[in-house]
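>>> Coordinates only, no sequence provided:
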C-alpha cells in the first residue's frame, strides 16, 4: 500500500492499552495517512477520532477493531466507502462479513495490522 493512500481504523480508542490505539499511532508514526473512527471522540497522536458514520473519500484500507457482534451496523457503511481491502484484526474475524465484502469485490483478510507494519508488509 502506498503511504499516500488513506487507512481508516474502525474501533479507534484513546486507551493506550488497546490495539486500535497502537495501530493508529504506529500507522501515523510510519507516515501513513490515517482516519480514525470510534465510539467516543478523542485523538491519537493529534489525529481526531470521529464518531458516527462520516463520509470519507478514497479510503484504501479499513482495519477493523470491532468484534463480530458489533459489526453489522458497519456493513453498509464500510461497503459504501469502497475500500480496496478490509483487515479483520484478531478478535474481529467474521466469515459472514468477509464473504459479503468479497461479493462486492473488496479484498478481505484476517491479519494483524501491527504485525503487518512490523514486517513492512502493510
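Perfect, thanks for sending it. Here the structure is a predicted model, which is why all the values come from computation and not from measurement. Residues are numbered from 1 along each chain as shown.
>>> so residue 109 sits in a strand?
Yes - note on residue 109: a strand contains this position according to DSSP: H, G, I helix; E, B strand; the rest coil.
>>> Would you agree residue 109 is in contact with residue 85?
Yes - if you go by Cβ atoms under 8 Å, residue 109 and residue 85 touch, sitting 6.6 Å apart. Yep, even glycine has a C-beta here, placed from its N, CA and C like the rest.
>>> Which one's more surrounded, the two?
A count of neighbours by other Cβ atoms under 10 Å puts residue 85 above the other of residue 109 and residue 85, at 17 against 12.
>>> dump the residue contacts of the more buried one.
The contact partners of residue 85, by Cβ atoms under 8 Å, 6 or more residues apart in numbering, come to 60-62, 106-109.
>>> how does it look with 7 Å?
61, 106-107, 109 (Cβ atoms under 7 Å, 6 or more residues apart in numbering).
>>> residues in contact with residue 42?
Contact analysis of residue 42 by Cβ under 7 Å, 6+ apart lists 14, 49.
>>> Any idea what it is bridged to?
With DSSP bridges as the criterion, residue 42 is bridged to residue 49.
>>> Kindly provide the distance from it to residue 7.
From residue 42 over to residue 7 the distance is 18 Å, taken as Cβ to Cβ, to the nearest Å.
>>> confidence score at the closest residue to residue 88 other than its chain neighbours?
Closest residue to residue 88 apart from its sequence neighbours, by Cβ to Cβ, 6 or more residues apart in numbering: residue 110 at 4.8 Å. Residue 110 is assigned a predicted lDDT (pLDDT) of 98.
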